[in-house]
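Undergrad: What follows is a protein structure lacking sequence information:
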Ligand SMILES: [Zn+2]
């Protein structure tokens, strides 16, 4: 199978409620995401890399970069207070209905992008999301 991949990077903050260790604290990551896609070749391309870049940027990166990733069903009241203050002051909040682990985020991004790219006849083969330089989650469709 022939696939194409593109790498993206974004910075974001989160906190993992009910985490036993350091991750219960508000902290940030320099995330790296690799989107791998496939589809029928047209003019020697699966998809123009520029089109792939724009779609991923508009759909995910522009919304999450430099944001607080807010789990709206968190059991930590502090998380709701932080999100509330940020929202009220017009700061960027990326609200999700899942605990923002790399695994859950990669799954969410896979579903969002697979739906979006289906319009162009493209299928997402995998999403790899690095939370640190050596730790990542990978969703294979
Ligand atoms: Zn973290």
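TA: Great, that's in hand. What you are looking at is a predicted structure, and each value in this text was computed from that prediction instead of being measured.

Undergrad: how about residue 138, what does it touch?
TA: When the contact criterion is CB atoms under 8 Å, 6 or more residues apart in numbering, the partners of residue 138 are 106, 126, 127, 128, 129. In this view, the C-beta of every residue, glycine as well, is placed from N, C-alpha and C.

Undergrad: Read off the pLDDT value for it.
TA: At residue 138, the model reports a pLDDT of 98.

Undergrad: For it, identify the helix or strand it belongs to.
TA: In the assignment (DSSP states H and E), residue 138 maps to strand 136-140.

Undergrad: Would you mark the buried spots in that strand?
TA: For strand 136-140, a neighbour-count test (16 or more other CB atoms under 10 Å) marks 136, 137, 139 as buried.

Undergrad: got the residue ranges for the helices in this protein?
TA: In the chain, helices defined by DSSP state H lie at 49-56, 62-64, 77-88, 102-118, listed in chain order.

Undergrad: quick one: average pLDDT of the shortest one?
TA: Helix 62-64 shows a mean pLDDT of 98.

Undergrad: Contacts made by that helix with the rest, please.
TA: Contact with helix 62-64 is made by 10, 12, 92, 94, as judged by CB under 8 Å, 6+ apart.

Undergrad: Over to stretch 94-105?
TA: Looking at stretch 94-105 with CB under 8 Å, 6+ apart, the contacting residues turn out to be 12, 14, 16-17, 63-64, 67-74, 83, 108, 129-131, 135-137.
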